[in-house]
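Student: Model the structure of this input:
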Amino acid sequence: MQGDSPPLPPSPPPSPALRVVETAFLASTAALIWILSYTPLAPLMRLFFPIPVALAVMRWDPHTGAMALGVSALLLTVLMGPTRSILYVIPYGLLGYWCACLWRQRLSWYLSVVSGAALSTFGLVFQLLLSSLLLGENLWIYLTIQLTGLTNWLLDVSLGRFGLYWVAEPWMVQVVVIGFIAFNSLVYAFTVHLVAALVMEHFRCPLPPPPKWVQFLLD
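Tutor: Numbering: from 1, shown residues only. This next block holds a predicted model:
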């Protein structure tokens, strides 16, 4: 925790009309960004998935952020169906909401990045389970079998010429996959923090000060 973090600037005047307008705008922005993720812009759009909900929390309060998340989920349900709506809410919508709540409390980047990465990892596991349920097949087992076969083929090709043979067990492959997912989630959560720091600064609701080794990336 960084005790010397400056307090957040005052929130906008508590105008019900302004709150509703901003909530609707941010919810529609979140839905639009998610829709654009099904275009060639997907790698760039992915960085902005959590931002609209997080901005609603930072501009107003957690209740407004929850409203923005709920409205965006309803919009996506109408436009793309409930499945893709759920895939946005978990983990990206929840990630934006959770991290913004920590930012409002001026907590350390280390806490928000690590907890955000854990939430992102949970979301990816949830998406895998949901896809397995919809397809009627255990995708985790299928993925493990395919990767184990590929790994053993690569080991045979690379080590066989030296007279060495080693067989990878399925549990080894699963450990590597879980580690890769966790690392990917950590990098994603950190990158989202960098993007959010730039966006929130523009809207005058800055994040807590980052660690010194990160500050040069934002200057």
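Student: residues contacting Val195?
Tutor: By Cβ atoms under 8 Å, 6 or more residues apart in numbering, the contact set of Val195 is Leu47, Phe48, Ile51. C-beta here means a position set from N, CA and C on the backbone, and glycine is covered the same way.
Student: can you give me phi and psi for it?
Tutor: The phi/psi pair for Val195 (degrees, to the nearest 10) reads phi -60, psi -40.
Student: can you check Pro209 too?
Tutor: Dihedral angles (degrees, to the nearest 10) for Pro209: phi -60, psi 130.
Student: pLDDT wise, what is it at?
Tutor: The per-residue pLDDT reported for Pro209 equals 89.
Student: residues of the helix or strand Leu124 falls within that come out buried?
Tutor: Using DSSP states H and E, Leu124 falls within helix 109-135. Buried residues in helix 109-135, defined by neighbour count with 16 or more other Cβ atoms under 10 Å: 109, 112-113, 115-121, 123-124, 132.
Student: Tabulate those (CSV), appending pLDDT.
Tutor: Formatted as CSV, the buried residues of helix 109-135 follow (pLDDT from 0 to 100):
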residue, pLDDT
Trp109, 94
Ser112, 95
Val113, 96
Ser115, 96
Gly116, 95
Ala117, 96
Ala118, 96
Leu119, 95
Ser120, 95
Thr121, 94
Gly123, 93
Leu124, 92
Ser132, 91
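Student: circling back: can I get the buried ones among the contacts of Val195 as something I can paste into PyMOL?
Tutor: To isolate the buried members of the contacts of Val195 in PyMOL, using 16+ other Cβ under 10 Å:
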select buried, resi 48+51
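Student: and the contacts of Val195, which of them are in helices?
Tutor: Ile51 (DSSP state H).
Student: chain center to stretch 23-36: distance?
Tutor: Remark: stretch 23-36 is offset 16 Å from the chain centroid, using Cα atoms, centre = their mean, to the nearest Å.
Student: which residues touch that stretch?
Tutor: Against stretch 23-36 from outside (Cβ under 8 Å, 6+ apart): 42, 45, 48-49, 51-53, 55-56, 60, 64, 67-69, 71-72, 75-76, 79-80, 84, 88, 92-93.
Student: Now Trp166: phi and psi?
Tutor: phi -150, psi 130.
Student: any idea how far Tyr142 is from Ser37?
Tutor: To Tyr142, Ser37 is 24 Å away according to Cβ to Cβ, to the nearest Å.
Student: Kindly report the same for Pro209.
Tutor: Distance from Pro209 to Tyr142, by Cβ to Cβ: 45 Å.
Student: who has more neighbours, those two?
Tutor: The neighbour comparison of Pro209 against Tyr142 (other Cβ atoms under 10 Å) goes to Pro209, with 16 against 12.
Student: Okay, that one and Phe180: tell me how far apart.
Tutor: Taken as Cβ to Cβ, the span from Pro209 to Phe180 is 31 Å.
Student: Could you pull up the residues touching Met200?
Tutor: Counted by Cβ under 8 Å, 6+ apart, Met200 has contacts Ala54, Leu55, Met58, Trp103, Pro206, Leu207.
Student: Lovely, talk soon.
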